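Participant: Quick one: sequence plus predicted model below, questions after.
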Amino acid sequence: MRKGLLITVLAVTTLTLSNCKNQTSSGTPHPSHTSSSTQIDKTSSNRSGTATEPKKATSGPSGTVLSVDSGDLSKALLRIQTMKKRKSCNRVMGCPASIELAGLGTATEAAIIQVLRKEKGADGYWVIKCIDLLGQLGRQDSAVFLSSLLDDKRTEVRTRAALALGRLSAPSTKEAVENTFARIKDGPDLGFKMALLYAIDRIGPFSTQRRKDAAKLLPKDKTGLGKISPLHLITAAEIAKEWPIPEALGSLRILASHIGPFIRRQAIDALGRLKDTGAIPVLVGRLKDEVPSIRTASMRALRAITGNTEPKTEEAWEAWCSKRECRTPPPRK
C-alpha cells in the first residue's frame with residue numbers, strides 16, 4: 001500500500017512540473033510572477049533595467065503636447081519656487097536657482113510657461129529671469145508664448161520678451177514683432193524699442209541702417225540722461241553689447257559714469273565687448289569706483305581692449321595710459 005501511495009505522489013508531482021513547463025514555454029507568466037510583472041508595466045525601464053520616471057504630457061505654448069519627464073518637471077517647478085524668494089534671486093546677488101533651472105531641458109520651458117500663465121501679472125526679478133531663460137534656451141516652442149507678452153502692461157516684461165525673441169530669432173514671430181514696433185515707435189519706451197529693433201534684425205534680414213537707428217535712440221550727452229528711465233538705459237546698454245552697436249560707443253562712455261551702478265556695469269561690459277580704445281580713460285577712472293563689482297568690470301574691460309594683463313592697480317593703468325597719451329575721441333555724429 002505504501003508503495004502504491006508513493007507511485008501516486010510521484011505521478012502528481014511529474015504532472016505539475018510538466019504543466020508549469022508548458023505554461024512557461026507558451027509565454028504565460030507563472031502566477032508567482034504576476035505581481036512583479038505588473039509593477040514593471042507601471043513604469044518604463046531603461047536598457048540597464050533601472051526604472052525611470054514616467055513621461056507627463058503638458059500643453060505647449062502653441063497648444064501642442066510636449067512630452068516632459070514628470071520628475072524633471074517637479075524639479076523645475078521647485079526651482080521656480082526658490083527663485084520667488086527675494087533673498088535667493090535678486091539683481092544684486094544674482095539668481096543661482098535659475099542656473100539649475102536651465103539644466104532641466106524641456107521641463108524648464110514647460111514649467112516656466114505653466115507658472116507664468118497661472119500667475120499672470122506676477123512681479124519680481126524671478127519673472128524677468130524666467131523670460132530670459134526662454135530666450136537663452138533657444139527652443140522655438142517658446143516663441144508663441146513670448147509673442148503674447150509683447151502686449152503686457154509691465155514695461156520690463158514686454159521688453160525682456162522682445163529681447164528673448166531676438167535671441168530665439170524665430171521667423172514665425174517676425175510679423176508680431178514688426179507690428180508691435182510700428183505701434184510704439186513714437187512712444188517713450190527706449191529700451192522696448194531697441195529690443196524690438198534687435199529682434200527684427202536677428203530674425204532677418206540684417207540691416208546696418210536699423211542698427212544706426214537704434215543708436216540714435218541713446219542719449220548723446222549727460223543732459224539727456226535724466227529724461228530716460230534707468231530701466232531703459234540698462235536694457236539699451238545690454239543690447240548695444242549683444243547686438244553689437246559700434247555706433248553707440250559715445251553714448252556707452254557717458255553711461256559708464258552714470259549714477260546708477262547697474263547702468264554703469266552694463267555700459268562698461270559693453271565697452272569691453274566692443275573693444276573701444278576710446279573708452280580707456282573712462283575705464284581707468286572707474287577703477288576707483290565705490291562699487292567693487294564696477295572696479296572688477298572695469299579691469300576686465302581694460303584687459304579685453306588692450307590685451308594687457310600686467311597693470312594691477314589704478315595707478316599702474318594711469319601710468320600705462322600716460323605713456324600712450326590715451327584720449328577719449330570726440331563723439332560720432
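Facilitator: That came through, no problem.
Participant: how about the nearest residue to residue 214, chain neighbours excluded?
Facilitator: Excluding the flanking residues, the one nearest residue 214 by C-beta to C-beta, 6 or more residues apart in numbering is residue 197, at 4.7 Å. Just so you know, the C-beta spots here come from the backbone N, C-alpha and C atoms, and that holds for glycine as well.
Participant: Go ahead and confirm the one you found touches residue 213.
Facilitator: Yes - using C-beta atoms under 8 Å, residue 197 is in contact with residue 213, at 6.6 Å.
Participant: Can you identify the element that follows the helix or strand harbouring the residue nearest to residue 214 toward the C-terminus?
Facilitator: Assessed by DSSP states H and E, residue 197 sits inside helix 190-203. Per DSSP H and E, the first helix or strand lying C-terminal to helix 190-203 is helix 208-216.
Participant: residue closest to the middle of this protein?
Facilitator: For the chain, residue 133 is the residue whose C-alpha lies nearest the centre (C-alpha atoms, centre = their mean; 2.2 Å).
Participant: Check what pLDDT the closest residue to that one other than its chain neighbours gets.
Facilitator: Ranked by C-beta to C-beta, 6+ apart and with sequence neighbours excluded, the top spatial neighbour of residue 133 is residue 102, at 5.7 Å. Looking at residue 102, its pLDDT stands at 94.
Participant: same question, residue 195
Facilitator: For residue 195, the predicted pLDDT is 97.
Participant: cool, and the one 4 residues further on?
Facilitator: The model reports residue 199 with a pLDDT of 97.
Participant: what do you get for residue 132?
Facilitator: 96.
Participant: before we move on, what about residue 57?
Facilitator: On the pLDDT scale, residue 57 gets 54.
Participant: Tell me the secondary structure of residue 188, please.
Facilitator: coil (DSSP: H, G, I helix; E, B strand; the rest coil).
Participant: Please pull up the helix or strand immediately following the strand or helix carrying residue 116.
Facilitator: Per DSSP H and E: residue 116 is located in helix 106-118. Note on helix 106-118: by DSSP H and E, the next helix or strand toward the C-terminus is helix 125-137.
Participant: and the angle from that following helix to helix 190-203?
Facilitator: 20 degrees (axes from the mean of the first three to the mean of the last three C-alpha atoms, to 10 degrees).
Participant: Check which helices and strands helix 125-137 sits against.
Facilitator: Packed against helix 125-137 by the contact rule (3 or more C-beta pairs under 8 Å, 6 or more residues apart in numbering; DSSP states H and E) you find helix 70-83, helix 96-102, helix 106-118, helix 143-148, helix 155-168.
Participant: chain center to it, what's the gap?
Facilitator: Averaging C-alpha positions (C-alpha atoms, centre = their mean, to the nearest Å) puts helix 125-137 5 Å from its chain's average.
Participant: Return the residues in contact with residue 146.
Facilitator: 131, 134-135, 161, 164-165, 168, 173 (C-beta atoms under 8 Å, 6 or more residues apart in numbering).
Participant: Turn these into TSV, including neighbour count.
Facilitator: Conversion of the contacts of residue 146 to TSV gives the following (neighbours: other C-beta atoms under 10 Å):
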residue	neighbour count
131	26
134	27
135	22
161	30
164	24
165	30
168	25
173	24
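Participant: tell me which of these is nearest to residue 151?
Facilitator: Distance to residue 151 across the contacts of residue 146 (C-beta to C-beta) is lowest for residue 161, with 9.4 Å.
Participant: I'd say that closest one and residue 131 touch.
Facilitator: Yes - Residue 161 lies in contact with residue 131 (C-beta under 8 Å); the separation is 5.8 Å.
Participant: intersection of neighbour lists for the two?
Facilitator: 146, 149.
Participant: Just name the shakiest helix or strand of the chain by mean pLDDT.
Facilitator: Taking mean pLDDT, DSSP states H and E as the measure, the chain has helix 34-42 as its least confident helix or strand, at a mean of 37.
Participant: then stretch 72-86 to PDB, C-alphas only?
Facilitator: Only the C-alpha atoms of stretch 72-86 are listed here, as PDB (Å, rounded to 0.1, in the frame of the first residue of the first chain):
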ATOM      1  CA  ASP A  72      12.200  66.900 -14.100                       C
ATOM      2  CA  LEU A  73       9.000  69.000 -14.300                       C
ATOM      3  CA  SER A  74       8.700  68.700 -10.500                       C
ATOM      4  CA  LYS A  75      12.300  69.800 -10.000                       C
ATOM      5  CA  ALA A  76      11.800  72.700 -12.400                       C
ATOM      6  CA  LEU A  77       8.700  73.900 -10.500                       C
ATOM      7  CA  LEU A  78      10.600  73.700  -7.200                       C
ATOM      8  CA  ARG A  79      13.500  75.800  -8.700                       C
ATOM      9  CA  ILE A  80      11.000  78.400  -9.700                       C
ATOM     10  CA  GLN A  81       9.500  78.500  -6.200                       C
ATOM     11  CA  THR A  82      13.100  79.100  -4.900                       C
ATOM     12  CA  MET A  83      13.500  81.900  -7.300                       C
ATOM     13  CA  LYS A  84      10.500  83.700  -6.000                       C
ATOM     14  CA  LYS A  85      12.300  84.300  -2.700                       C
ATOM     15  CA  ARG A  86      13.900  87.700  -2.900                       C
END
